[in-house]
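# generate a structure from the sequence data that follows.
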Amino acid sequence: MERDTQPVRTVWQRSRVGALALLLIAAVLSPLASPSGVGAADAVALERIWGADRYETSLAIVQRFIAEAGGRIETAVVVSGTDWRDAVIAAGLAGSLNAPVLLSPPGGLATAAVDMLGTAGVSQVVVIDGTGTLSDRALEGLRRRFDSVELLAAADPSELSAMAARRAGSAGRLNGLGRTAVLASAEVFVDAMVAGPIAWRGQHPVLLTPPGTLDSNVAAAAAELDVEHVLVMGGVSAVSQQVVDGLIAAKISFTRIGGATRFDTARVLAGSIEGAYASGPGGRCFDRRATGVATARSPYDALSAAPLLGRRCSPLLLSDVSAADPSTVAWVRSHTRSLTVFGGTAAVSNAAARVLRTRAPVYETVATGAEHTCAIAVGGAIVCWGDDSHGQLDAPDGAFTAIAAAGHHSCALRATGRAACWGGDASGQLDVPGDAFIAIAAGGVPGPGSAATGFSCGLKRADGSVRCWGDDAFGQVSQAPPGRFSAVAAGWGHACALRASDGGVLCWGLDGRGQVSQAPSGRLASIAAGAWHSCALRRPSGEVVCWGTSEAAEAAPSGRFAAVATAADVTCALGRDDGKAVCWGFNGLDQVSGAPSGAFRSIVSSAWHVCAVRDTDEIACWGDDSEGQATPPLV
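Below is the predicted model of the structure:
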C-alpha cells in the first residue's frame, strides 16, 4: 500500500542494540595519471569519486565524508534517489546536523549502506521523501536498525523545503548579512545543487519556490526563522523579479547569484563566498584551494556532494561531459590545489578532467606562421608548436617582450630592443641588423612551393624609422619609406606602417590588387597586412577599414573594434566592448566559424589558422591544425 503523500513529519524510535560487525566499503577514488610532461608542480591534485550508478556514487561520497569526520557520526540524512529536489533541500538541514546525505533507491538502502552507517555509530536518521517513492519496507528496514528514524514528506517541493527549514530550527549567518537562507527554483536543479556546499557549511536552509511567485510556505518558514537575507540562485528566468518583490515586501534583503550560463552562475557563487566563513581545513573557508566539479547535465552524481564539499570548504563548479567550461577552467587554474570530480567518465570525461587539472601556461602575446605558432609566456620565455620542418620551433632562450611570425620564420624582441629571428632563412630573413627596435613584424609567402622565403621589419628605437631585411622580390625591403612610425605590419609581399605624427598609413611592396596604392586616408590604428589586402582600425571610432582585393577585405563587419588581424583571405577583429572574436572571409578550415566564445585581448591570423589570447592569459587557436599549430601545449 502506498504511503499518504500529505505533509508528514514522523519520528520512530527504538532501544539501542548491539554493535554491528565492521564492514569496509571502498569509495572509488581514481587519480588520473599526469599527462606527458606535466609534473606535480604543474598539475592540480585530482580525485574522482564514482560508482556504477547514482546510489553507489552516493555511497562512495558518504564513505569519504565519514572517514574525514574521524570515522564516527551520529546522524545521517537519507533522501529519495529519484527526485533531485529531496537532496538539494537536505543540504542545509544536513549542515545543522553535521550529517551526510545518502541517496536511497525506492526499495531501501543496500545492506552495505546500512551497515556502513551502523559502523560509523549513526543512531539518528532523517528521511526526506517528497514524492513518497521510498517503500514502507525501506522505512521499516531503517527503523529496525537505528534508534530514531524521522520522516519529512510533502508532495509539493516548496512545502517540503519549508518543513526541512523548520526542522533545522535556524538559519546561519553569512558574512555580516545576517541570518541567511538559499532560495532557488523548484524547476532548475543546477542552481540549488551548486549552492549545496555553502548551505551545508553555513547551515543555511535551502528553500525552493516556483519561478513566478514566492511560495507561501517558503515565505512563512522564512518569517518563522527570522531570515534576514536570502541568496537568490539564478537569473530572472529561474527566480523572477516577482519572487524578489515578495522578499522585499517581507523586509528581507537579497543577493542574486546569476551568470550568463549555469557554469557562470556556479563560478559567481564560488567567488562571492570566497573567505566568507572564518575557518576551514588549513585556513580560510572557500579560499579556492580545493574545488569540486560535477556534470552540468544531470544532478544525480553530485547530490551527495554538498556535505563533503561543505566540510572541506570547497565550492562546486560545473563541467560539460566532454569539454571543460572556460569559466570553470579559469577558476580551477587560479590557485586551486586539489580537485574532486563527482561521477564517472560518462559524467565528466577524462579529457575534460585533464584540462581542468593541468596548469596550462599563461601568455603575454602570440604570433602565427603558416603552420606554426609561437607565444611569449608570462616571464618572457618563448614557446613554439606546430611544424618544425624549417626549424620554426627552435626559439632562442631568454626573455622577450614582442613576437611576430609569418610563413616559416619568426622574430622576437628582447628587453634591450635587440631582435632575434629563427626558422627558414632562404631569403636572409634571419640576418638581423644590429639596431634596437621598438616593434617587430614578419612577412612572407607560405606553402611548400615557396620554400622558406620571407622578410622581416622593425621600427628603430633611435628614430622610429622602418628597417626591413630578407626577401626583396617586390621592393618590400628596399622601398621602406623614411620617417617616424608608430606601428608596422608585414604581409606576403608588402608592408604597411602608421605615421607617428598623424596616424596616416603608408604601404610599399607588392601592389597586384591595390593592397598598397589603395591605402585610405585618415587617422588609423592597429594595422594588419595580409596577402592581397590590408586592414586597420579608424580612430577614434574603432571601425574596421580594409583595402586591396580579397574576400576578407570586402566583407568587413560594422561595429567598434579594439584590434584587427589578417592574412591571406581571412580577417579577424576583437570587439571593443566585449573582447569577442569576429572573423570573416575564407572559411575552408573553419577559420571563421571556429572562432570560440569568450573575451580576448589580442588576436593574430595566418593563412589557415587563427590564435588569440584570452583575458585569462590563455591561448585559444582555431582553423587548420594539421601540424598541431592550433593546439597550444599544456606545458
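
# how about the contacts made by Asn587?
Shown in contact with Asn587 (Cβ atoms under 8 Å, 6 or more residues apart in numbering): 570, 593. Any C-beta I mention is one placed from the backbone N, CA and C, and that applies to glycine too.

# residue ranges with poor pLDDT in the stretch 351-500 of the chain?
Scanning the stretch 351-500 of the chain for pLDDT under 70 picks out 359-362, 447-452.

# could you pull out the strands in it for me?
363-368, 372-377, 382-386, 400-406, 409-414, 419-423, 437-443, 455-460, 466-470, 485-490, 494-499 (DSSP state E, counting those that start in this stretch).

# rebuild the ones you listed as JSON lines, extending it with mean neighbour count.
Listed next are those as JSON lines, based on neighbours: other Cβ atoms under 10 Å:
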{"stretch": "strand 363-368", "mean neighbour count": "23"}
{"stretch": "strand 372-377", "mean neighbour count": "26"}
{"stretch": "strand 382-386", "mean neighbour count": "22"}
{"stretch": "strand 400-406", "mean neighbour count": "25"}
{"stretch": "strand 409-414", "mean neighbour count": "27"}
{"stretch": "strand 419-423", "mean neighbour count": "23"}
{"stretch": "strand 437-443", "mean neighbour count": "26"}
{"stretch": "strand 455-460", "mean neighbour count": "27"}
{"stretch": "strand 466-470", "mean neighbour count": "23"}
{"stretch": "strand 485-490", "mean neighbour count": "24"}
{"stretch": "strand 494-499", "mean neighbour count": "26"}
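
# which one of those lies nearest to Asp511?
Smallest distance to Asp511 across the strands of the stretch 351-500 of the chain (Cβ to Cβ): 6.8 Å, for strand 494-499.

# immediately after the closest one, which helix or strand?
Of the helices and strands lying after strand 494-499 in sequence (DSSP states H and E), the nearest is strand 505-509.

# who does the next helix-or-strand element following that following strand touch, helix- and strand-wise?
Remark: after strand 505-509, the chain's next helix or strand is strand 524-529, criterion DSSP H and E. Applying 3 or more Cβ pairs under 8 Å, 6 or more residues apart in numbering; DSSP states H and E, we find strand 524-529 packed against strand 485-490, strand 494-499, strand 505-509, strand 533-538, strand 561-567.

# Leu174: which of the ones you listed is closest?
strand 561-567 (38.7 Å).

# next helix or strand past that closest one?
strand 570-575.

# if we can go back for a sec, make CSV out of the strands of the stretch 351-500 of the chain and add distance to Val243.
As requested, the strands of the stretch 351-500 of the chain are exported to CSV (distance: least, Cβ to Cβ, whole Å):
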stretch, distance to Val243
strand 363-368, 44
strand 372-377, 47
strand 382-386, 50
strand 400-406, 52
strand 409-414, 56
strand 419-423, 61
strand 437-443, 55
strand 455-460, 59
strand 466-470, 63
strand 485-490, 53
strand 494-499, 54
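
# looking at those, which is closest to Met233?
strand 363-368 (34.8 Å).

# so that closest one versus strand 400-406, what angle?
20 degrees (axes from the mean of the first three to the mean of the last three Cα atoms, to 10 degrees).

# returning to that earlier point: save the helices and strands packed on strand 524-529 as TSV, and put in distance to Thr119 too.
Output for those, formatted as TSV (distance: least, Cβ to Cβ, whole Å):
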stretch	distance to Thr119
strand 485-490	71
strand 494-499	75
strand 505-509	78
strand 533-538	69
strand 561-567	62
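
# nearest to Gly95, out of those strands?
strand 561-567 (46.0 Å).

# how far off centre is that closest one?
Averaging C-alpha positions (Cα atoms, centre = their mean, to the nearest Å) puts strand 561-567 25 Å from its chain's average.

# hang on, the earlier thing: and the helices and strands packed on strand 524-529: which comes nearest Val366?
strand 561-567 (10.3 Å).

# quick one, grab the pLDDT at Pro557.
Pro557 carries a pLDDT value of 88.

# in what element of secondary structure is it found?
Of the helices and strands defined by DSSP H and E, none includes Pro557.

# and if you look at Trp622?
strand 619-623.

# who touches that strand?
363, 366, 368, 373, 375, 570, 589-591, 594-596, 598, 600, 608-614, 629-632.

# show me which helix or strand of the protein is least confident by mean pLDDT.
strand 28-29 (a mean of 40; mean pLDDT, DSSP states H and E).

# pretty sure Leu46 contacts Arg337?
No. Using Cβ atoms under 8 Å, Leu46 is not in contact with Arg337, being 10.6 Å away.

# more crowded one of those two?
Between Leu46 and Arg337, counting by other Cβ atoms under 10 Å, Leu46 is the more crowded of the two (22 against 12).

# mind checking which of the helices and strands packed on strand 524-529 is nearest Asp129?
Ranking those by proximity to Asp129 (Cβ to Cβ) places strand 561-567 first, at 55.5 Å.

# who does the closest one pair up with?
Note on strand 561-567: by DSSP bridges, its sheet partners are strand 570-575 (antiparallel).
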